[in-house]
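Undergrad: Next come a sequence and a model predicted from it.
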Amino acid sequence: MIAVVLASGEPERLYTGLSLLVSAAAEGREARALATFGALELLLADDLEERGRAARGERFARTLAELRDTAAQLDNLRIWGCAAAVETGGHDPVRVAARLDGVLSTPRFLREIGDAQLVVV
């Protein structure tokens, strides 16, 4: 299993994290992620493509949005919103659960991933 803590609000770093997760899951590996603060904002953003376009142009923006969509469709990939980021960011947990796989605390995430390979981006 690969596990990624998606921390940064920079579109390029979210792209990197999603790319790791989607690539691993597409190869049949279990993949898990905890979206914290800046990354959570981007994953929930309705204007993700606009933000990606501003960061790196049209192709990047389209691929970033496709990575987010693909991640949501893969059965062996789960992404949770960090409970602290949801609470302190004023996010509606119902909206988070509709877009992601729910809300999870960091300690619960660490128990969920066990001894998985852990990456922070």
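TA: In hand now; what should we look at?
Undergrad: and residue 119, how many neighbours?
TA: 15 (other Cβ atoms under 10 Å). (C-beta placed from N, C-alpha, C; glycine too.)
Undergrad: show me what contacts it?
TA: In this structure, residue 119 makes contact with 2, 3, 4, 5, 17, 20, judged by Cβ atoms under 8 Å, 6 or more residues apart in numbering.
Undergrad: how about 7 Å then?
TA: Each residue near residue 119 by Cβ atoms under 7 Å, 6 or more residues apart in numbering is listed here: 2, 4, 20.
Undergrad: Would you map the helices across this structure?
TA: 11-26, 37-44, 48-56, 58-73, 83-88, 93-99, 106-113 (DSSP state H).
Undergrad: Tell me which of those helices is the most buried.
TA: Mean neighbours per residue, mean count of other Cβ atoms under 10 Å, is largest over the helices of the chain for helix 37-44, with a mean of 22.
Undergrad: and it, average pLDDT?
TA: Rounded to a whole number, the mean pLDDT of helix 37-44 is 97.
Undergrad: One more: stretch 19-27?
TA: 98.
Undergrad: before we move on, what about stretch 88-99?
TA: Average pLDDT, stretch 88-99: 96.
Undergrad: one step back: between the helices of the chain, which one is nearest to residue 120?
TA: Proximity to residue 120 (Cβ to Cβ) singles out helix 11-26 among the helices of the chain, at 8.7 Å.
Undergrad: and the closest one, what does it pack onto?
TA: Judged by 3 or more Cβ pairs under 7 Å, 6 or more residues apart in numbering; DSSP states H and E, helix 11-26 is in contact with strand 2-6, strand 31-35, helix 37-44, helix 48-56, helix 58-73, strand 77-82.
Undergrad: Determine how far the last residue of stretch 114-121 lies from the first.
TA: Length of stretch 114-121, first residue to last, Cα to Cα, to the nearest Å: 19 Å.
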